[in-house]
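Engineer: predicted model, plus sequence, below.
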There are 2 protein chains.
Amino acid sequence: MAKQNTVFKDAFNRCLTTLAETSALPSEPELGQALGVSRTTVRAILTRCEELGLIAWDKRRKTVLRAPDPADYFPTEETDSLAERIERSFMRRILAGGAEPGMQINELELAREIGAGTTSVREFLIRFSRFGLIEKRPNSHWVLKGFTREFALELTEVREMFELRSAARFVGLPEDDPAWEELRKIEAVHREVLADIDRRYKEFSELDERFHLLVHKSSSNRFIIDFYDVIAIVFHYHYQWNKANARERNARALEEHLAYIAALQSRDLQQVEQACRLHLKSARETLLQSLP
Amino acid sequence: MAKQNTVFKDAFNRCLTTLAETSALPSEPELGQALGVSRTTVRAILTRCEELGLIAWDKRRKTVLRAPDPADYFPTEETDSLAERIERSFMRRILAGGAEPGMQINELELAREIGAGTTSVREFLIRFSRFGLIEKRPNSHWVLKGFTREFALELTEVREMFELRSAARFVGLPEDDPAWEELRKIEAVHREVLADIDRRYKEFSELDERFHLLVHKSSSNRFIIDFYDVIAIVFHYHYQWNKANARERNARALEEHLAYIAALQSRDLQQVEQACRLHLKSARETLLQSLP
DNA sequence: AATCTGTCTATTGTAGATAAAAGACAAAAC
DNA sequence: GTTTTGTCTTTTATCTACAATAGACAGATT
């Protein structure tokens, strides 16, 4: 196989969802726009819909014949891009399987295990190297530097610098900046989740990312915003494997967020700084607690 | 060709240089250590030396027969790794050839122009993307974001945060840390260059990198140290194309460095901060002046 | 006149192959 | 007993090939 057709499969699935709610499909370019794919892929989707008897397709007429059936969808395993699969496999490997710092990483072996070509694995490792967890020895293997205490401290040090700076910028945003509206929405979700914390505490992870990304974005600095990827991936996987006291930790973090949000809304720089520091400090401690 | 043998050629050339000064070569592992290559490569080098009649090689005896001749060396164009050639070509292209922001970058075309395979170019672009100058549209081309005023401002903003933090750490380094010795050496070179500024002002670029890297390293933070790569590459190419008033600019920067170094040596945090800010401000202005 | 479709071309994503380079191990030399 | 060499295996760096996807253009449709 030269290239996986995951773009097609994923777009096809999404198309079925919209198809369930209408009686006719729009034009090809419009569909392409809606699904975020090119016309070539749209036509492949339409062709398959026709083959499955979901629609009748004659030039501009695309009439829906029947509602899609669960069996019409592609299984979700097939809609993930190769890069996503590699990332997940790699993370599982280095987090689960006793990833000693200093361990060598073998491209070929990794590729065989994941069931991908070496090129893809290589490119993944190159991209991943910016997270500071692995390092290349030229003409030789990669070395795992490990998710250690030092790593967490270095990461949080930069995070704190960047977030304080971004939060300070946030305060200076003009009244009509869309970020204020988004902040209000995020605040509302915080209150909803807190009100039903026992059942909804798992939503924190996603909300946390949404909130901090919003803050970082107000820096208008590509390096600061890009760095948030590093933070996000670390916390994302961290939440997945450290579930101890998740409910209490998340409830506390939500409260801290609310104080932080209130400080931002007050436009008082000192208050912002204090609330931000307080929250980042406890986030760092949570992260460190899960490490040896 | 599957792989360029640039490692071999480069190590061979370096080996000839040492060969000129001795009458016998050391053991294979020792030679490998000295040249930074594996024994396999060492043996290839020895084989070629023997073929050229430079040495007589019998197991442990490696007697030098004659001094190497200029013709024995591989031409320097052949000793650069492919990645280095790609970087240079790419930089020349985007800096020289009217690189408009928003311009599309085509992997295939780039590969053809440079004379490399697409895989290598692709990997280069992935690695290069962390410098924030290009961005990938998935399943489509790369977009050149351009070396613009915004870029320079975003870069220097982070640089200033990181360097101030690092400089503050530097002051706290224990008396016997090797960084102090290196700082003294750097200071001495500064004075030498300044004393003969008319002829030696071109050495500034290299010295600048050496100095700031030393400062950043004292942060002991991989993200801060890694970020210095971004700064270094930008200033490196910036110096190459903006030669206006180079002598004056460099002389001034050297003076600023000396004040900054003196402040570090005084261990006075306030002085350090002041000298550091002063120098970074003028470095930023120099960079901005060369941009539209 | 604007948009859409049919058709074609160009480029990207990925696999597979191969030479260069690294590295492992046992026998040989000191 | 340590270091070195001879030989062999494994891994990386790089090229080429090809299907998936994007994108361009002219003619068709509203």
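Structural biologist: Received it, and whenever you're ready, just let me know what you need. Just so it is clear, the model here is predicted, and its values are computed rather than measured. Residues are numbered from 1 along each chain as shown, chains lettered A, B, ... in the order given.

Engineer: what does chain A have sitting close to DNA strand C?
Structural biologist: By Cβ under 7 Å from any atom of the strand, the part of chain A that sits against DNA strand C consists of A:1-4, A:6, A:26-30, A:39-40, A:43, A:59-60, A:62, A:81-83, A:115-120, A:137, A:139-141. Using the backbone N, CA and C atoms, a C-beta is placed for each residue, glycine as well.

Engineer: which of the residues you listed fall within strands?
Structural biologist: Among these, DSSP state E puts A:Lys62 in strands.

Engineer: of the residues of chain A next to DNA strand C, list those near DNA strand D.
Structural biologist: A:1-4, A:6, A:39-40, A:59-60, A:118-119, A:139-141.

Engineer: buried subset of those residues?
Structural biologist: A:Gln4, A:Thr6 (16 or more other Cβ atoms under 10 Å in any protein chain shown).

Engineer: between the ones next to DNA strand D among the residues of chain A next to DNA strand C, which is nearest A:Leu214?
Structural biologist: For those, the residue nearest A:Leu214 by Cβ to Cβ is A:Thr6; the value is 29.4 Å.

Engineer: contacts for stretch A:250-260 next, please.
Structural biologist: Stretch A:250-260 is contacted by residues A:167, A:187, A:190-191, A:193-194, A:197, A:201-202, A:204, A:207-208, A:211, A:272, A:275-276, A:278-279, A:282-283, A:286 when judged by Cβ atoms under 8 Å, 6 or more residues apart in numbering or on different chains.

Engineer: any quick ChimeraX command for the buried ones out of those?
Structural biologist: Buried members of these, defined by 16+ other Cβ under 10 Å, are picked up in ChimeraX with:
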select /A:167,187,190,193,194,201,204,207,208,211,272,275,276,279,283,286
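
Engineer: next, count neighbours for the residue of the stretch 1-150 of chain A found nearest chain B.
Structural biologist: Nearest residue of the stretch 1-150 of chain A to chain B, counting by Cβ to the nearest Cβ: A:Gly132, 4.7 Å away. A:Gly132: 19 surrounding residues under other Cβ atoms under 10 Å in any protein chain shown.

Engineer: can you check A:Leu164 too?
Structural biologist: Neighbour tally, A:Leu164, other Cβ under 10 Å: 17.

Engineer: what of A:Ser220?
Structural biologist: Neighbour tally, A:Ser220, other Cβ under 10 Å: 15.

Engineer: show me what contacts it?
Structural biologist: A:Arg169, B:Glu154.

Engineer: as a quick check, tell me the outermost residue of chain A.
Structural biologist: A:Asp58 (39.2 Å; Cα atoms, centre = their mean).

Engineer: against B:Val121, how distant is that one?
Structural biologist: A:Asp58 sits 44 Å away from B:Val121, going by Cβ to Cβ, to the nearest Å.

Engineer: can you check A:Ser220 too?
Structural biologist: Distance from A:Ser220 to B:Val121, by Cβ to Cβ: 31 Å.

Engineer: same question for A:Arg130.
Structural biologist: Look at A:Arg130 and B:Val121: by Cβ to Cβ, they are 19 Å apart.

Engineer: higher neighbour count, these two?
Structural biologist: More crowded of A:Arg130 and B:Val121, by other Cβ under 10 Å: B:Val121, with 24 against 18.

Engineer: quick check: the more buried one touching B:Glu107?
Structural biologist: Yes - under the contact definition of Cβ atoms under 8 Å, B:Val121 touches B:Glu107, with a separation of 5.4 Å.
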